[in-house]
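Participant: following is a predicted model, sequence given first.
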Number of protein chains: 2
Amino acid sequence: MYEGVVQDLIDELGRLPGVGPKSAQRIAFHILQAEPADVRRLVHALAEVKEKVRFCSVCGNVAQEEQCRVCADPRRDPSVICVVEESKDVVAVERTREFRGRYHVLGGAISPIEGVGPDDLRIRELLSRLADGSVTELILATDPNLEGEATATYLARLVSAMGLKVTRLASGLPVGGDLEYADEVTLGRAFEGRRTLDV
Amino acid sequence: MYEGVVQDLIDELGRLPGVGPKSAQRIAFHILQAEPADVRRLVHALAEVKEKVRFCSVCGNVAQEEQCRVCADPRRDPSVICVVEESKDVVAVERTREFRGRYHVLGGAISPIEGVGPDDLRIRELLSRLADGSVTELILATDPNLEGEATATYLARLVSAMGLKVTRLASGLPVGGDLEYADEVTLGRAFEGRRTLDV
C-alpha cells in the first residue's frame, strides 16, 4: 500500500513485540516526520545494544563488561543467590532496594508447551555456582505462574541434598490493591500465608 | 537501572508514539535476544526511510520519486481532488478502491489548541492546483472530528467563489457496527443523512 521503503519500515516495526499494524504505521509516520538527529539516535541505540551488550559470565544477566554490575560489585553478598527468569526481573528486584545478594538469570522457565526443558535454561551454571558450598540461601524468584512454579519446584528438588536454605517469594494480595478484585488463586494464597499481627 | 546502552535504547524507544516504558523495555529485550540480521534489517529500514522518502511536489503525499505514485499515474482522474490531513489517510482511501482521482495532503488540520493555523497547512499549494480551472470536484476528506470539520468548513469557504463542486464524506453509522453502541453525535448524523430506500 505504501511506497516501498515506508512499507518496509512498517513491516519491520510490526515484528516487534506488542506492536500491531496500526502502531507500526503510527511509529513509521512519526519517524518520517521526526528530526533526522532523533532517528540517528534511535538507530545508534539499536546498533550499540547489539554490539556492546553481552551476558554476564557468572549470572547470565545483561552486561557491558565480562561481568554484570551486580556480580562486579564487591559489596554484594555472595552467599545469597536470587534466581530469576530474565534480566528484567533483576531490574524489578533491584528497584525494591531490599536485596543485597547476587542473582542468577535462568533465561526463561520450564515450559513443555513452548518446548523449554531444564537443559535450555542456565541450570548447570547455577549448580556449579553452588558447588563450593559458599552459598547459604537460594531465593527462587521465578514468576508466580504455572511455568515459574514448576521451575521453582524443579530447582528446589534438584538442590535439596545440598543443605542450603531454599526460599520462594511470598504470594498474596498486591499492596495498594483491592481485595474484591483479587483473583481466587491469589486470595487463596493470601489466606494460606496469613500472618499473626503483633499488637 | 539497566546497563548504559540498554537504558539508552529503552529511552529512545520510549519516545516513539504509543510506546510506554513497559513496552519500551519489552522491545529492548526482544532486540537484545533477536538475531543480529533481524536488527540490521530494522536499522536499515529506519535509515532508508529517512534517506529516501520525500514528499510529492504536487500533492504532499509521501513519495520516493519527485511525484508520488498517485500523481505519477496518468490513469488517475486529475479533475477530482480528495483533500486529506495525512499520508496515512491516502492509504485508507486507496484501500477502498472507490476513488480514482488525485489527492492533496494538507499535513494536518486547523487546531488553535495545538497552534496549527491555515498557514501551517499546504493550503496555498491546494489553491494553486485549483487555479487553472481543470479541477471540477473537491472532496474534503479531513477527519470527522472538531479540527477536521473546522478545516473542511474553512476550505469550503475559501474555494466557494471558484465554482467547483465541494463535497464532504458522509457521516453515519459504521458498517458492521451496532446501533446501540453508536455515540449520540454519530447517530444524530445518521438520522440527518437518512436516505429513501428504493424498493
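Facilitator: Great, that's in hand.
Participant: any idea of the pLDDT on the closest residue to A:G101 other than its chain neighbours?
Facilitator: Leaving aside its chain neighbours, A:G101 sits nearest to A:V80 (3.2 Å; criterion: Cβ to Cβ, 6 or more residues apart in numbering or on different chains). C-betas here are computed from N, CA, C, even on glycine. Here the pLDDT value assigned to A:V80 is 95.
Participant: ok, A:D198 next?
Facilitator: pLDDT, A:D198: 67.
Participant: what's the mean pLDDT across stretch A:154-165?
Facilitator: 91.
Participant: which other residues reach that stretch?
Facilitator: Here stretch A:154-165 makes contact (Cβ atoms under 8 Å, 6 or more residues apart in numbering or on different chains) with A:83, A:110, A:118, A:123, A:126-127, A:130, A:133, A:135-138, A:140, A:166, A:168.
Participant: and the two most separated of the residues you listed?
Facilitator: Pairwise distances across the contacts of stretch A:154-165 peak at 25.9 Å for A:I110 and A:G133 (criterion: Cβ to Cβ).
Participant: which of these two has more neighbours?
Facilitator: Between A:I110 and A:G133, A:I110 has the larger neighbour count (other Cβ atoms under 10 Å in any protein chain shown), namely 24 against 9.
Participant: from memory that one sits against A:P118, does it?
Facilitator: Yes. A:I110 lies in contact with A:P118 (Cβ atoms under 8 Å); the separation is 6.1 Å.
Participant: what is the nearest of the contacts of stretch A:154-165 to B:E65?
Facilitator: Of the contacts of stretch A:154-165, the one sitting nearest to B:E65 (Cβ to Cβ) turns out to be A:I110, at 54.2 Å.
Participant: so what's A:D8 closest to, chain neighbours aside?
Facilitator: B:A45 (4.8 Å).
Participant: pretty sure that neighbour is in a helix, no?
Facilitator: Yes. Under DSSP: H, G, I helix; E, B strand; the rest coil, B:A45 sits within a helix.
Participant: I figured it hits A:E12, correct?
Facilitator: Yes. B:A45 is in contact with A:E12 according to Cβ under 8 Å; the separation is 4.4 Å.
Participant: how far away is the nearest residue to A:G20 once chain neighbours are set aside from chain B?
Facilitator: Nearest non-adjacent residue to A:G20, counting by Cβ to Cβ, 6+ apart: A:G14, 7.1 Å away. For A:G14, the distance to chain B equals 11 Å [Cβ to the nearest Cβ, to the nearest Å].
Participant: repeat that for A:T96.
Facilitator: 12 Å.
Participant: any idea how many residues pack against that residue?
Facilitator: 7.
Participant: excluding its backbone neighbours, what's nearest the residue most central in space within chain A?
Facilitator: Closest to where the C-alpha atoms of chain A average out (Cα atoms, centre = their mean) is A:E86, at 2.5 Å. With sequence-adjacent residues excluded and distances taken as Cβ to Cβ, 6+ apart, A:E86 is closest to A:V105, at 6.5 Å.
Participant: which residues touch A:K88?
Facilitator: B:25, B:29.
Participant: and A:A150, that's in a helix?
Facilitator: Yes. Counting by three-state DSSP, A:A150 is part of a helix.
Participant: isn't it up against A:V116?
Facilitator: No. Applying Cβ under 8 Å as the test, A:A150 and A:V116 come out as separate, 10.4 Å apart.
Participant: filter the contacts of stretch A:154-165 down to the buried ones, ChimeraX style.
Facilitator: Applying 16 or more other Cβ atoms under 10 Å in any protein chain shown to those, the buried members can be selected in ChimeraX as follows:
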select /A:83,110,123,126,130,135,138,140,166,168
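Participant: how about the CA coordinates for the longest strand belonging to chain A, as CSV?
Facilitator: Longest strand in chain A, counting residues (DSSP state E): strand A:77-84. In CSV, the C-alpha atoms belonging to strand A:77-84 read as follows (Å, rounded to 0.1, in the frame of the first residue of the first chain):
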residue,chain,number,x,y,z
ASP,A,77,26.7,-10.6,49.4
PRO,A,78,27.8,-13.7,47.5
SER,A,79,26.2,-16.1,50.0
VAL,A,80,22.6,-15.4,48.8
ILE,A,81,21.6,-16.0,45.2
CYS,A,82,18.2,-14.9,43.9
VAL,A,83,17.2,-17.0,40.9
VAL,A,84,15.1,-15.1,38.3
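Participant: what sits up against that strand?
Facilitator: With Cβ under 8 Å, 6+ apart, strand A:77-84 has contacts from A:90, A:93, A:99-106, A:126, A:129-130, A:134-142, A:155.
Participant: in helices, which of the residues you listed appear?
Facilitator: Judged by DSSP state H, the contacts of strand A:77-84 include A:90, A:93, A:126, A:129-130, A:155 as members of helices.
Participant: closest to chain B out of these?
Facilitator: Nearest to chain B among the ones in helices among the contacts of strand A:77-84: A:V90, at 9.2 Å, using Cβ to the nearest Cβ.
Participant: residue contacts, the residue nearest to A:C82 when sequence neighbours are not counted?
Facilitator: Using Cβ to Cβ, 6+ apart and skipping the chain neighbours, the partner closest in space to A:C82 is A:I139 (4.4 Å). Neighbouring residues of A:I139 by Cβ under 8 Å, 6+ apart: A:80-83, A:99, A:101, A:167-169.
Participant: ok so, going back, which of the contacts of stretch A:154-165 sits closest to B:G4?
Facilitator: Among the contacts of stretch A:154-165, and counting by Cβ to Cβ, the member closest to B:G4 is A:V83, at 25.3 Å.
Participant: for A:G148, see how far away the closest one is.
Facilitator: From A:V83 across to A:G148, the span is 10 Å (Cβ to Cβ, to the nearest Å).
Participant: identify the contacts common to these two.
Facilitator: A:T142.
Participant: neighbours of A:V93, just the number please.
Facilitator: 18.
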